[in-house]
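Trainee: Just to be clear, the model below is a prediction. Sequence and coordinates:
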Amino acid sequence: MIITKSRRASLAPYEPYPLQQLLQRTARRLPNKVAVIDGQRRFTYQQLDTYSDRLAAALTTLGVAKGNRVGLLSPNCVEFVIAFYGILKAGAVACTVNSGYHEREIAHQLCDSGAKVLIVHQALRQEAELARSEAPELKHLIAIAETADEVASFWSLIEHAPQSSVSVVITPQADLAVLPYSSGTTGLPKGVMLSHFNLTSNIRQFLEHGEEAKSFREEDVILVHLPLFHIYGMNVLMNGAIAIGATQVMMGRFDLEHFLTLLSQHQVSVLCTVPPVGLALTQAPDVSKYNLDALRIGCLGAAPKNTIRNAVRSYLLTSGAWVNTKPTGGTVKSTLTRC
């Protein structure tokens, strides 16, 4: 018999708790820490917690009950984070919609999920309105704009929501938290039923038992450039950052120059990305004009063997944009790993 030492200190099951407690716990621990940078706007953990509480109350007044599906159609922005956690706090299920969808695809997901409410960014509202006529169960459309001028808008609902918090009993192993949809490569997109326990367990696995992820810390700044409607952006970037108390920098539509500017401007220290972005970095002209020296950890999800990550590391080091200096926190600044 061969006995190997487990990487886990204990084989006891993970603690079951509602996903929204990630935000609540960090807000209690780091209330005044900047949680999200979105353009010129900055939001603390306490603000995220308070605004999502009020959105939960507003959704409840609209008739949203435990287990109801609430669609969320938005590019990366702070309102996505607030909406996501507000939906959970109402006891509902966040049904994230691909922000690249057109009206027919949006209508399919709304109908298939049975969503009663859709929270949609103003930039995507026209597509959502066209889809609405094909989704008879949809009762309310809440538009995300940066002001509360419109009565039924996202910020107006938060501003006028009841002060009392919503109390919903959640069974983490049984109750759904999120219903994202598959890419539909073999047919129509299908809902992926993820419980609260599925997601909190995955976050713990990633942060405590991954390679470089074990070195993530609350001082880190993480660039959220992968779409939050996708599980990678949602659970690794957004929920992972909230779990450790890091700061997220939001990026909407991907543009390489803007991407490099944000990395430099906000001194991003952790970059969790995908091979196409890694390859784009190796072809970026004048990358040396950007100061990427704050980057201490990079993760390339699904990178084939060492080929791409070695190419990225070599290019950034030789360009002078990324300086390999002393070890920090057990890792070296030039660390680039596969996750």
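Mentor: Sure, I can see it. Just so it is clear, the structure is predicted and the values come from calculations on it, not from any experiment.
Trainee: Need the three-state assignment for Thr96.
Mentor: Under DSSP: H, G, I helix; E, B strand; the rest coil, Thr96 falls in the strand class.
Trainee: What are the neighbouring residues in contact with the nearest residue to His225 once chain neighbours are set aside?
Mentor: Distances taken as Cβ to Cβ, 6 or more residues apart in numbering put Met251 closest to His225, at 4.2 Å, once the chain neighbours are dropped. For every residue, glycine as well, the C-beta is placed using N, CA and C. Each residue near Met251 by Cβ atoms under 8 Å, 6 or more residues apart in numbering is listed here: 76, 223-225, 258-259, 262.
Trainee: Any chance of these in JSON lines with distance to Pro13 as columns?
Mentor: Formatted as JSON lines, the contacts of Met251 follow (distance: Cβ to Cβ, whole Å):
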{"residue": "Asn76", "distance to Pro13": "33"}
{"residue": "Leu223", "distance to Pro13": "33"}
{"residue": "Val224", "distance to Pro13": "30"}
{"residue": "His225", "distance to Pro13": "34"}
{"residue": "His258", "distance to Pro13": "43"}
{"residue": "Phe259", "distance to Pro13": "39"}
{"residue": "Leu262", "distance to Pro13": "39"}
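Trainee: Now restrict these to buried residues only.
Mentor: Those of the contacts of Met251 that meet the buried threshold are 76, 223-225, 259, 262, by 16 or more other Cβ atoms under 10 Å.
Trainee: Looking at the residues you listed, which one is closest to Leu22?
Mentor: Set against Leu22, the nearest of these by Cβ to Cβ is Val224 (15.4 Å).
Trainee: any idea of the pLDDT on Asp286?
Mentor: Per-residue confidence (pLDDT) for Asp286: 81.
Trainee: And for Arg132?
Mentor: Here, the pLDDT recorded for Arg132 equals 93.
Trainee: Find the nearest non-adjacent residue to Ala27, please.
Mentor: Counting by Cβ to Cβ, 6+ apart, the nearest residue to Ala27 once its immediate chain neighbours are dropped is Asp49, at 3.7 Å.
Trainee: The one you found - how many residues pack around it?
Mentor: Under the neighbour criterion other Cβ atoms under 10 Å, Asp49 is assigned a count of 22.
Trainee: can you pull out the helices in the stretch 201-339 of the chain?
Mentor: Taking DSSP state H, counting those that start in this stretch as the test, the helices found in the stretch 201-339 of the chain are 231, 239-244, 256-265, 275-282, 307-319.
Trainee: Could you give the separation of the lengthiest helix in the chain from the chain centroid?
Mentor: Residue-count comparison of every helix in the chain, with assignments taken from DSSP state H, identifies helix 45-61 as the longest. Relative to its parent chain, helix 45-61 has a centroid offset of 17 Å by Cα atoms, centre = their mean, to the nearest Å.
Trainee: Other residues contacting it?
Mentor: Here helix 45-61 makes contact (Cβ under 8 Å, 6+ apart) with 20, 23-24, 26-27, 30-33, 35-36, 43, 70, 78, 81-90, 92, 117, 154, 157-158, 160-166, 242, 245.
Trainee: just stretch 165-183 next, same as before
Mentor: Contacts for stretch 165-183 (Cβ under 8 Å, 6+ apart): 16-19, 53, 56-57, 60, 66-67, 69, 88-91, 93-98, 109, 112-113, 189-200, 229-231, 234.
Trainee: so how far is it off the chain centroid?
Mentor: 16 Å.
Trainee: try stretch 285-303
Mentor: Distance of stretch 285-303 from its chain centroid, counting by Cα atoms, centre = their mean, is 20 Å.
Trainee: For it, C-alpha coordinates in PDB please.
Mentor: As requested, the backbone C-alpha atoms of stretch 285-303 are provided in PDB (Å, rounded to 0.1, in the frame of the first residue of the first chain):
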ATOM      1  CA  PRO A 285       4.200  47.200 -29.800                       C
ATOM      2  CA  ASP A 286       6.000  49.500 -27.400                       C
ATOM      3  CA  VAL A 287       5.100  47.500 -24.300                       C
ATOM      4  CA  SER A 288       8.100  48.900 -22.600                       C
ATOM      5  CA  LYS A 289       6.400  52.300 -22.200                       C
ATOM      6  CA  TYR A 290       4.100  50.700 -19.700                       C
ATOM      7  CA  ASN A 291       5.200  50.100 -16.100                       C
ATOM      8  CA  LEU A 292       4.200  46.600 -15.300                       C
ATOM      9  CA  ASP A 293       6.700  46.100 -12.500                       C
ATOM     10  CA  ALA A 294       3.900  45.700  -9.900                       C
ATOM     11  CA  LEU A 295       2.800  42.400 -11.500                       C
ATOM     12  CA  ARG A 296       4.000  39.700  -9.100                       C
ATOM     13  CA  ILE A 297       1.700  36.800 -10.200                       C
ATOM     14  CA  GLY A 298       0.300  35.800 -13.500                       C
ATOM     15  CA  CYS A 299      -2.100  32.900 -14.100                       C
ATOM     16  CA  LEU A 300      -2.900  31.600 -17.600                       C
ATOM     17  CA  GLY A 301      -6.000  29.500 -17.500                       C
ATOM     18  CA  ALA A 302      -5.900  26.500 -19.800                       C
ATOM     19  CA  ALA A 303      -2.500  27.400 -21.300                       C
END
